[in-house]
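**Student:** here you go, sequence then predicted model.
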Amino acid sequence: MLKKLYSNISKAELTALHKLASDSSIVIKKADKSGSIVIMNKNDYKAEVKRQLDNSVYFEKLTEDPGEQVYQNIFKCVNNRDIEDEFDTFPDNILTAQFYILPKIHKEYDSKFPLRYPGRPIVAGCNSATENTSKYIDYTLKPNMQSLLSYIKDTSDFIQKIKSVRFRSKHSYLVTLEVNSLYTNIPHSGGLRACKFFMDGTNHSTKLSSKNIAELIQLGLENNCFQFDGESYRQCMGTAMGSSMAPAYASIFMGNSDTIYNNLIEDYIGLAIDTNISDIIITGDFNYNTTILNEIHLSPAETEDVLKSLTAHKAAGPDGISN
């Protein structure tokens, strides 16, 4: 005998939900953090997306659908290196990646934004032409990410690490530093250099050389194309949040800083990166005159990457994606 199903909401509430779902003048998304649901005016939502996509530092508007060209770029790269047996080159049914944003309602209210809050840019690449390549890169890079001194797997891992920390004096503090819009601000040259550096020092679980893997990473970065509202774009800086390879790629890029932080701070706990956070957690003895950044000396290559990132922030301005 089938049990009767009971709803946990009233008929009036159910009717209201159906009405909201069919309202073409609004957009309903989850908030970037906190798990809240946000209902937005569609025109304001589109205006915030346009504000971001019009920033030529990060995005390039295309005059035609790049789908066929992206397909050919991937096909040629994979076949020219005789690595097609390493993974399925394409999904069964290729779809065009789509761009959307999640409102950052945890930020301060700011009337200069169309939504009064900035939006976190996401490229939904499920079944896109680059998805399988991105998954393969993630599989290849993940062991390097997990071997980083700064790697933090999850909350439980962080709790275990923080338990071992002992504060040495009254000047000891627990400090967190947030990397501002990490994914979109990683210069391609810096990300590729970091990945190759770590891959050169390890054995891979694949037959590919570090050079071949770096070429696949570059392929994914340079063919990150998507659509919004029927128009085509390409992301020309950073990696796409929503890409399978993005967390490992970003972690390894930041992993280049491990030696710097550990030479500078006695208890550098680590770097926590997932699809939404990129935080550095440290402890140490500080006083009010401590200036950490003045102690960091970068190589010429690292300086180039930092300057490119700073230039991007400057070009983006107060209304840019760096918020």
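**Tutor:** Cool, got the structure.
**Student:** point out where the stretch 201-323 of the chain drops to low pLDDT.
**Tutor:** 203-205, 256-323 (pLDDT under 70).
**Student:** who's in contact with the nearest residue to residue 45 once chain neighbours are set aside?
**Tutor:** Distances taken as CB to CB, 6 or more residues apart in numbering place residue 27 nearest to residue 45, at 4.4 Å, with adjacent residues excluded. Backbone N, C-alpha and C define where each C-beta goes, glycine included. By CB atoms under 8 Å, 6 or more residues apart in numbering, the contact set of residue 27 is 39-42, 45.
**Student:** name the residues of stretch 56-63 that are buried.
**Tutor:** 57-59 (16 or more other CB atoms under 10 Å).
**Student:** cool, and stretch 15-33?
**Tutor:** 27, 29, 31-32.
**Student:** wait, is residue 40 part of a strand?
**Tutor:** Yes - under DSSP: H, G, I helix; E, B strand; the rest coil, residue 40 falls within a strand.
**Student:** can you tell me the closest non-neighbouring residue to it?
**Tutor:** Per CB to CB, 6+ apart, closest to residue 40 is residue 27, 4.8 Å.
**Student:** what strand or helix carries the one you found?
**Tutor:** strand 26-30 (DSSP states H and E).
**Student:** each with direction, which strands does that strand pair with?
**Tutor:** Partner strands and pairing direction for strand 26-30 (DSSP bridges) are strand 37-41 (antiparallel).
**Student:** strands of this structure, start to end?
**Tutor:** For the chain, the strands defined by DSSP state E cover 26-30, 37-41, 59-61, 98-103, 119-124, 172-178, 225-228, 231-235, 267-273, 278-285.
**Student:** tell me which of the ones you listed sits nearest to residue 76.
**Tutor:** Of all the strands of the chain, strand 225-228 sits nearest to residue 76, with 16.1 Å by CB to CB.
**Student:** what's the closest one in contact with?
**Tutor:** By CB under 8 Å, 6+ apart, strand 225-228 touches 49, 53, 62, 65-67, 70, 96-100, 123, 125, 128, 232-235, 240.
**Student:** equivalent analysis for stretch 112-123, please.
**Tutor:** With CB under 8 Å, 6+ apart as the test, stretch 112-123 has contacts from 32, 40, 44-45, 47-49, 51-52, 97-105, 107, 109-110, 184, 224, 226, 235, 240-243, 276, 318-319, 321, 323.
**Student:** and it, what's buried?
**Tutor:** 113-123.
**Student:** equivalent analysis for stretch 129-140, please.
**Tutor:** 129-140.
**Student:** columns distance to residue 211 and pLDDT on top of those residues, output as CSV?
**Tutor:** Listed next are these as CSV, based on distance: CB to CB, whole Å; pLDDT from 0 to 100:
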residue, distance to residue 211, pLDDT
129, 23, 93
130, 20, 93
131, 23, 94
132, 20, 92
133, 16, 92
134, 19, 94
135, 20, 93
136, 16, 92
137, 14, 93
138, 19, 93
139, 18, 91
140, 13, 91
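**Student:** tell me which of those is nearest to residue 253?
**Tutor:** Nearest member of those to residue 253, counting by CB to CB, is residue 137, at 13.4 Å.
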